[in-house]
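>>> how would this look folded up:
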Amino acid sequence: MQTIFVVEDDRKIAKVVKVYLEEAGFRVLHFEKGKDAVSALFRQEPLLVILDLMLPDTTGEEVCQEIKETGDIPIIMLTAKSSEEERVAGFALGADDYVVKPFSPRELVYRVKALLKRAQKEDLSSAEPMSFSNGSLMIDGNSYMVKKHGEAVDITPTEFKVLFSLASAPGKVFTREELVDRALGYQFEGYERSIDAHIKNIRRKIEDDPKNPAIILTIYGVGYRFSVKRDV
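Purely as a prediction, here's the structure:
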């Protein structure tokens with residue numbers, strides 16, 4: 001049975017999440033402390049981790065970093081922090097999704113399913129590697145690899161899908177809704193802001209000057225455009 005770790009010190013919230021996930025067919029292991037969850041990773045690697053940021057023994061951010069160091073395990077952050085900058089910080093640590101309290105348990109289950117689906121890398125092997133700016137930026141759908149100036153970029157599956165969608169059609173303006181559909185698979189309130197946070201994180205990784213982006217441009221009131229032509 002597919003196992004999910006729920007790292008949450010509020011027992012009432014954890015119980016509700018556990019019930020809904022088990023009804024959806026998942027096996028759930030609950031941890032009240034972050035360090036206990038990290039230790040358990042070495043005994044059994046979960047398919048996904050639902051992680052509260054406010055824990056009694058450590059911070060959720062630290063737990064997120066430790067989890068990502070053990071492997072590319074999808075993480076949904078569960079938190080009361082809702083500002084865009086806090087979302088960006090969470091994504092920068094490697095989180096794949098961000099659910100703000102109070103939340104709908106049913107929505108959380110949908111997000112879990114969608115994240116597991118997109119964490120399974122699409123077969124993009126038929127797509128030729130894309131090169132931009134005389135090879136300074138390389139995007140390879142076959143290996144899910146991005147290179148900037150010859151160096152591999154640490155990028156999550158969600159970020160890759162957002163970037164790949166934009167780069168596949170240079171000059172095309174994508175609305176936030178289109179990027180949500182392509183990269184996340186379904187929409188809930190707040191997902192458009194999540195796309196903004198993912199874009200900021202991608203810019204931090206591939207732009208020479210993230211504060212003055214030259215690759216991914218914001219088209220105000222509409223969405224985003226990949227502005228660099230593909231190398232011939």
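
>>> Tell me if S39 really is in a helix.
Yes: per DSSP: H, G, I helix; E, B strand; the rest coil, S39 lies within a helix segment.

>>> Helices of this protein, start to end?
When secondary structure is read from DSSP state H, the chain shows helices at 11-23, 34-41, 60-70, 84-92, 105-119, 157-167, 176-179, 191-206.

>>> which outside residues touch the third one?
Helix 60-70 is contacted by residues 7, 34-35, 37-38, 41-42, 45, 49, 51-55, 73, 75, 77, 79, 89-90, 93-95 when judged by Cβ atoms under 8 Å, 6 or more residues apart in numbering. (Glycine included, C-beta is placed from N, CA and C.)

>>> that older thread, I219 is nearest to which of the helices of the chain?
For I219, the closest of the helices of the chain is helix 176-179, at 10.4 Å, according to Cβ to Cβ.

>>> Look up the closest residue to the spatially most central residue of the chain, ignoring the ones flanking it.
Central residue of the chain (Cα atoms, centre = their mean): D96, 2.3 Å from the mean position. Sequence neighbours aside, P74 is the residue nearest to D96 in space, at 4.7 Å (criterion: Cβ to Cβ, 6 or more residues apart in numbering).

>>> what about the one you found, how many residues close to it?
Neighbour count of P74, defined by other Cβ atoms under 10 Å: 23.

>>> Make a ChimeraX selection of the buried ones in the contacts of helix 60-70.
Buried members of those, defined by 16 or more other Cβ atoms under 10 Å, are picked up in ChimeraX with:
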select :7,34,35,37,38,41,49,51,52,53,55,73,75,77,79,89,90,93,94,95
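
>>> nearest spatial neighbour of V28, skipping sequence neighbours?
Taking Cβ to Cβ, 6+ apart as the measure, V28 lies nearest to K18, with 4.6 Å between them; neighbours along the chain are not counted.

>>> Cool, thanks, talk later.
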